[in-house]
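A.B. asks: Quick one, fold the following:
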Amino acid sequence: SLHNSRHFSTQVAFEKNGTSFAIETTIDESLQKYVSRLLGWSRTHQAAVVVMNPYDGRILSMFSRERQSSNRNLCVLSEFPAASLFKIISASAALEAAGFTPDQSLYYSGSRYTLYRYQLKTAKGRYSVRTTLRKAFAISNNPVFGKIGMHDLGAVVLTDYAHRFRFNRPIPFDVPVTASAVAVPESDFGLAELSSGFNKKTLISPLHAALIISAVVNNGQMATPWLVSTIADRDKRLVYRARTGALASPIDPKTARQMKLMMQDGVRYGTTRTAFREFRQSKKFASVRFGSKTGTINDQRDRFKYDWIAAFALAPEPADSICVAVLAVHGKLLGTRAVEMAGAIIRHHLSF
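C.D. replies: As a prediction, this is how the structure comes out:
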């Protein structure tokens with residue numbers, strides 16, 4: 001009963017070989033109902049949300065919807081282009097493997113949002129603009145990350161860090177998850193596309209997006225996700241109890257701290273500054289740290305727009321902290337943006 005459902009609840013009953021069992025899940029029912037309503041109002045073609053505790057891997061909400069009402073759980077399907085979310089992997093590799101610092105001077109020419117071959121030259125031209133790694137990450141600068149992938153990281157390092165972050169590898173979970181896919185190209189321009197997220201071949205699931213944030217938040221330790229807390233038989237005897245643990249350690253604690261600060265820049269002056277303004281300005285949220293990375297890309301035939309945010313809200317109490325991954329897929333009609341839904345979900349969670 002867990003495998004196909006996208007309508008998870010706190011308690012689930014099932015029967016096997018004539019014996020009934022009760023599953024207690026990690027789902028926060030109030031949050032799950034709120035996410036369900038939010039996605040119902042969103043007017044998106046598809047939408048998926050995963051909310052988890054970054055420290056112990058508890059899934060607090062997992063919900064998806066499709067306009068063609070199917071019972072697929074989009075949260076565990078890796079069929080969505082990762083877009084600029086992949087800059088988290090590239091930036092981590094730049095800091096750790098290539099010896100970059102967050103404030104390192106970098107140069108680019110042309111628009112920040114395009115990726116043309118002329119923008120990938122190493123030589124500084126008269127129209128080159130200076131930036132830093134942290135600024136390039138916060139505003140999702142494609143040419144800067146293209147140059148990093150092409151000239152500083154290369155295929156071997158990008159392959160290594162994608163693997164560390166669980167691309168092309170199974171993710172153990174209580175519900176089957178399809179593996180996120182990355183194909184590291186040999187060509188220079190292909191490396192630039194991959195590193196900046198400006199390609200449509202790197203595929204990820206919303207659950208995996210949330211797990212990547214958990215590694216940034218949790219000192220480089222990616223939490224093992226879990227949905228089933230306990231299973232009891234009809235006599236209320238426990239036959240299963242979840243154990244928490246780390247799924248992977250993709251980056252060291254120093255890199256994780258630097259990445260966390262760079263994601264906080266995204267909220268302060270980057271791609272989510274407007275949507276998260278109330279969190280920065282309200283005294284109510286003064287003790288909470290926020291960070292984010294967004295990503296947007298069209299499908300192969302430009303019929304749909306994939307709109308991502310992966311964010312964190314770290315409360316003084318670790319148990320109240322969350323990572324949120326939101327995917328919104330828009331057709332001709334532009335529905336509620338992923339960043340707006342993430343803000344609403346964080347606001348609802350922090351209201352307790």
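A.B. asks: Any idea how many residues pack against Arg117?
C.D. replies: Residue neighbour count, defined by other Cβ atoms under 10 Å, stands at 10 for Arg117. The way it works is simple: take the backbone N, C-alpha and C, and place the C-beta from them, glycine included.
A.B. asks: Tell me who's in contact with the residue nearest to it when sequence neighbours are not counted.
C.D. replies: On the basis of Cβ to Cβ, 6 or more residues apart in numbering, the spatially nearest residue to Arg117 that is not a chain neighbour turns out to be Phe189, at 6.2 Å. With contacts defined as Cβ atoms under 8 Å, 6 or more residues apart in numbering, Phe189 is in contact with Arg117, Leu120, Met150.
A.B. asks: which residues in the stretch 151-300 of the chain form strands?
C.D. replies: 203-204, 222-223, 228-233, 238-241, 246-248, 289-298 (DSSP state E, counting those that start in this stretch).
A.B. asks: which strands and helices sit next to the second one?
C.D. replies: It stands for strand 222-223. Identification of packing neighbours for strand 222-223 by 3 or more Cβ pairs under 8 Å, 6 or more residues apart in numbering; DSSP states H and E yields helix 206-217, strand 246-248.
A.B. asks: Next: the fourth one.
C.D. replies: If you count contacts as 3+ Cβ pairs under 8 Å, 6+ apart, strand 238-241 packs onto strand 228-233.
A.B. asks: For the strand it packs on, give me every contacting residue.
C.D. replies: With contacts defined as Cβ under 8 Å, 6+ apart, strand 228-233 is touched by 2, 19-26, 174, 238-242.
A.B. asks: Lowest pLDDT pick from those?
C.D. replies: Comparing pLDDT over the contacts of strand 228-233, Leu2 scores lowest. The value there is 56.
A.B. asks: Save the contacts of Phe189 as a markdown table, and put in pLDDT, secondary structure and distance to Ile251 too.
C.D. replies: Shown next, in a markdown table, are the contacts of Phe189 (pLDDT from 0 to 100; DSSP: H, G, I helix; E, B strand; the rest coil; distance: Cβ to Cβ, whole Å):
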| residue | pLDDT | secondary structure | distance to Ile251 |
| --- | --- | --- | --- |
| Arg117 | 95 | helix | 31 |
| Leu120 | 95 | helix | 26 |
| Met150 | 97 | helix | 22 |
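A.B. asks: Kindly present those residues as CSV, with separate columns for distance to Gly57.
C.D. replies: Formatted as CSV, the contacts of Phe189 follow (distance: Cβ to Cβ, whole Å):
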residue, distance to Gly57
Arg117, 42
Leu120, 38
Met150, 35
